[in-house]
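*Asks:* 3D model of this:
(chains A and B)
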Amino acid sequence: MWLLKGVNVLNWFRNIKSNWNTWTLLSILFIALILLPSLSIILQFAAETNENWIHIKEYMLNTYIVNSVILVLFVGLFTAIIGSSLAWIISAYDFPLRGFFQWGLILPLAIPPYIGAYTYHGILNYTGVIQTTLRNQWDITVDQQYFNIMNMPGTIFIFVIFLFPYVFTITKAFLARQSTALIENARILGTSSWRIYFRTVLPIARASIVAGVSLVILEVLNDYGVVKYYGIQTFTTAIFQTWFGLGDLDSAIKLSGTLMLLILGLLILERLLRGRKRFSFTTTKVRLLQPVKLQGRRKWLAFAYCMFIFGIAFIIPFIQLISWAILTYDQSFSVEFLQVIGNTIGVAFVAAAIITIMAVVISNVSRLNRGLFAKVFPRVTILGYSIPGAVIAVGIVSLFIGLDKRIYEWGFTSSYILSTSIVMLIFAYIVRYLAVAYNSVESGFERIGTQFTDASRILGNNVTKSFFKVDVKLIRGAIFGGFILAFIDILKELPLTLILRPFNFETLATNAFNYATNEMIHEAALPSILIVCISAISIYAFHHVLERE
Amino acid sequence: MFVNIKDLSFKYPNSTAHCLESFNLTIQKGDITTILGESGSGKSSLLRLIAGLEMPEQGSISVDDQLMAGPSTFVQPEKRGIGMVFQDYALFPHLKVEDNITFGLHKWSRKEKKQRLNEVIELVNLKGYEKRYPYELSGGQQQRVALARALAPKPKLLLFDEPFSNLDADLQLKIREELRRILKATGVTSIFVTHDQDDAQALADQIVVLRDGKIIDLGTPRDIFGTDCDFSDRIAVKPRVLSKV
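*Replies:* Residues are numbered from 1 along each chain as shown, chains lettered A, B, ... in the order given. Got it, this is the predicted structure:
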């Protein structure tokens, strides 16, 4: 018996020793860093309550919850309808400009909802292009209430048209690759198109639609720009107000903790909705769904639907932004503005590069190890993406201030260094967007499996050499894709940047938002159009990489 | 004994059942041993354990008197000096045939590499294909490249994980005969995993029949498939283990 226990202990030490390398150590370090802000909130969530928190709980918390839930419900419902129907039309039918719409309908993601929000307000308000034209050309003065978008339905509209591509892309990928046999069978059985959509497509694509809608909901709960600009009270605006208006970080932490609980509930709901059913096939032989050529009226109906959505979600705001940018180009373009562009690209590049390296290290360790690492690491990396920016900001600030206090007390510095530097902002980007790059890199690793690494190791290369000589060459596209996605997200990011940027540090996003909140919508156009163009080019590059792979 | 496996047990982390339990096997130097069994019998796991791609739960593996895995020892796969031919060959798609073959020759000089490349290329009959990429080769040619790559660093032990499963029947017959010739010419000790009795019979000096992680029969092809075994008419042979496999 003793002998057996002794052997087990020896085995345990042997297992630890042989799994313990630089990759594992780095991964554990990265995971610990990512967990720190959330832990900081959880630890302080249970702290003693103060007067502000009692006031918020009694009079305001209800409104935040009700508004957040209304937004989440309606935006979720409409993005599911629009995203899935577009995905079905594009995957199953051939009609004019179908090839363009395949990636054109992803382009609305290049317009951050807060930019879309003030652009649409600018288009529809009293001095906007529509009302001005009606007044000047036809002498028509409209009732303002029909053109007021700064309310709950307007907010829902903005989120729906700029976030539906999440549902569209995920559902389209599923329909095009995974559903061929089922849909072709339904067609052979003589089922009508509408019936196929409702009876076959929606049930089999349910998991993809739910996955897309979950991303949309996380974006809605993360948003600060739209709700602040349109005056809708949600958790994020409340966290900002409590923190900056009341100067009360403790209550902001409590609000953040409550929001984290709400999101945890939503994620559990998503798991339940997805159910036990798995709709992907185990075969690797993928047969693409062949689109049916539409004729006559139906061809133009499909085209009109796609064009309408593309028009309101991209063309209209894009043209409006360009015309404003041309109007204000002289005033907006300056040396300071070049500095802002430099800041934005620089910080996004550095953070996206660090994120990609971390994603590669963590996903390599989790794929080469079985057991705990493989299970825990992917879940922790997606944690940051589930937590809204404002909450991460609260966690990081309380963490960095705590660290700074220690460093100051030990006499290493004469002032707070970490919490006033760009390090804090880059760290926040890493926590929030690691999941974006991780998913891309992980899918690359999944595609190649472990056989090439095994072959390389048997031929005398250790894990690191195998990684650089083999793995990295085979998943270049996925690594580049991960970098691009993280880069675009950071470029557009608003709440984290607003809270955590060092004094006088402006990015294109904060620049545009500040102009817009100061009612200088035309001046906000130039930074906005730059964000949209860089994002659109990156989306195209990403799409191109995927197509090639 | 050249390969000595003692009391080996193994199970995958998420599984409750053992793939191998108290497994013992010895192999003589220069022998070709075939592990014959159905899928799920533990034969591929055994190969991965010998290669160092999995860590045993219990027991020990020694090759050429060197302990590779034991209670407090685990030699990483890159340090074992063992070669392996994978089921789907695992040829590096971004490297040409010549770079695939010389991949394992790290510390060799350029001249030595070139010389070894020529030797193995000739051995596997692939002269003229050095500059091609794996996707430009047929299944049989890819298999030869995989064999050449595994042989190039002169491993002390060579492992084969169902290397014929992706080939059509005619090619399979031709290649396995050639493989036996090459292995005997190099004198390398080999372990060959298959579910195909014809492969086992044609290649092996020793056959191990595996079921549910345990040896149910062991011997020469003649022992296993009967004394009247006629290798020219293998299909007619009624092996004594047929009901057990």
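*Asks:* show me the helices in the stretch 401-549 of chain A, by range?
*Replies:* A:422-448, A:451-458, A:463-466, A:472-474, A:476-492, A:495-500, A:508-517, A:521-548 (DSSP state H, counting those that start in this stretch).
*Asks:* reformat these as a markdown table; add distance to B:D196 and mean pLDDT.
*Replies:* Every residue, glycine included, has its C-beta placed from N, CA and C. Formatted as a markdown table, those follow (distance: least, CB to CB, whole Å; pLDDT from 0 to 100):
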| stretch | distance to B:D196 | mean pLDDT |
| --- | --- | --- |
| helix A:422-448 | 28 | 87 |
| helix A:451-458 | 21 | 93 |
| helix A:463-466 | 31 | 92 |
| helix A:472-474 | 31 | 90 |
| helix A:476-492 | 36 | 87 |
| helix A:495-500 | 59 | 87 |
| helix A:508-517 | 62 | 88 |
| helix A:521-548 | 39 | 81 |
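*Asks:* so which of the ones you listed comes closest to B:H106?
*Replies:* helix A:463-466 (8.5 Å; CB to CB).
*Asks:* didn't A:F503 look like it was pressed against A:I422?
*Replies:* No - A:F503 lies out of contact with A:I422 (CB atoms under 8 Å); the separation is 10.8 Å.
*Asks:* in terms of neighbours, single out the busier of the two.
*Replies:* A:I422 (16 against 5; other CB atoms under 10 Å in any protein chain shown).
*Asks:* mind listing what the residue lying closest to that one once chain neighbours are set aside touches?
*Replies:* Nearest non-adjacent residue to A:I422, counting by CB to CB, 6 or more residues apart in numbering or on different chains: A:P502, 5.6 Å away. If a contact means CB atoms under 8 Å, 6 or more residues apart in numbering or on different chains, then A:P502 has A:T420, A:S421, A:I422, A:L425 as its contacts.
*Asks:* and for the last one, the neighbour number?
*Replies:* In other words, A:L425. Using other CB under 10 Å: A:L425 sits among 23 other residues.
*Asks:* and it, how far is that from chain B?
*Replies:* 37 Å (CB to the nearest CB, to the nearest Å).
*Asks:* spatially nearest residue to that residue, not counting backbone neighbours?
*Replies:* A:L500 is the one closest to A:L425 (CB to CB, 6+ apart), at 4.4 Å.
*Asks:* these two touch, right, the one you found and A:I396?
*Replies:* Yes - using CB under 8 Å, A:L500 is in contact with A:I396, at 6.6 Å.
*Asks:* now for those two: what residues contact both?
*Replies:* With CB under 8 Å, 6+ apart as the test, A:L500 and A:I396 both reach A:M424, A:A428.
*Asks:* quick one: contacts for A:L368?
*Replies:* Applying CB under 8 Å, 6+ apart, the residues contacting A:L368 are A:W23, A:T450, A:T453, A:V463.
*Asks:* can you list the residues that contact stretch A:451-469?
*Replies:* A:21-23, A:364, A:368, A:470-471, A:474, B:51-53, B:76-78, B:80, B:82-84, B:86, B:88, B:90, B:92, B:103-104, B:106, B:149, B:153.
*Asks:* now with 6 Å?
*Replies:* A:V470, A:D471, B:A51, B:L53, B:P77, B:E78, B:M84, B:F86, B:A90, B:F103, B:G104, B:H106 (CB atoms under 6 Å, 6 or more residues apart in numbering or on different chains).
*Asks:* quick check, the fourth one in a helix?
*Replies:* No - in this structure, B:L53 is coil, not part of a helix, as judged by DSSP: H, G, I helix; E, B strand; the rest coil.
*Asks:* most centrally placed residue in the chain?
*Replies:* Using chain A here. A:E219 (6.0 Å; CA atoms, centre = their mean).
*Asks:* the chain in question should be chain B.
*Replies:* Note: chain B centre (CA atoms, centre = their mean) maps to B:F160, 2.0 Å.
*Asks:* beta-bridge partners for it, please?
*Replies:* Applying DSSP bridges to B:F160 gives these bridge partners: B:V85, B:F192.
*Asks:* so it sits against B:F192, correct?
*Replies:* Yes - taking contacts as CB atoms under 6 Å, B:F160 lies within contact range of B:F192: 4.4 Å.
*Asks:* run through the residues that contact the residue of chain B at minimum distance from chain A.
*Replies:* Chain A sits closest to B:G104 of chain B, with a gap of 3.3 Å, by CB to the nearest CB. For B:G104, the contact set (CB under 6 Å, 6+ apart) comprises A:L459, A:G460, B:A152, B:P153.
*Asks:* do A:A393 as well
*Replies:* So A:A393 contacts A:L496, A:I499, A:L500 (CB under 6 Å, 6+ apart).
*Asks:* which non-adjacent residue is nearest the residue of chain B closest to chain A?
*Replies:* Using CB to CB, 6+ apart, the closest residue to B:G104 is A:L459 (3.3 Å).
*Asks:* neighbours around that neighbour, how many?
*Replies:* 27.
*Asks:* quickly note the distance from the residue lying closest to A:L109 once chain neighbours are set aside to chain B.
*Replies:* Excluding the flanking residues, the one nearest A:L109 by CB to CB, 6+ apart is A:P165, at 4.7 Å. Here the distance between A:P165 and chain B works out to 32 Å (CB to the nearest CB).
*Asks:* A:P165 contacts A:G104, doesn't it?
*Replies:* No - if you go by CB under 6 Å, A:P165 and A:G104 don't touch, sitting 10.1 Å apart.
*Asks:* comparing those two, which residue is more hemmed in?
*Replies:* Using other CB under 10 Å, the more surrounded residue of A:P165 and A:G104 is A:P165, with 28 against 18.
*Asks:* which parts of the lowest-mean-pLDDT helix or strand in chain B are buried?
*Replies:* Every helix and strand of chain B was ranked by mean pLDDT, DSSP states H and E. The lowest is helix B:169-186, at a mean of 81. Neighbour-count burial for helix B:169-186 flags B:Q172, B:L173, B:I175, B:R176, B:E178, B:L179, B:R180, B:I182, B:L183, B:T186 (criterion: 16 or more other CB atoms under 10 Å in any protein chain shown).
*Asks:* which strands or helices does that helix pack on?
*Replies:* When contacts are defined as 3 or more CB pairs under 6 Å, 6 or more residues apart in numbering or on different chains; DSSP states H and E, helix B:169-186 packs onto helix B:197-203.
*Asks:* which elements pack onto the helix or strand just after the helix it packs on?
*Replies:* Next helix or strand after helix B:197-203 toward the C-terminus (DSSP states H and E): strand B:206-211. Other helices and strands packing on strand B:206-211, by 3+ CB pairs under 6 Å, 6+ apart, are strand B:32-36, strand B:214-219.
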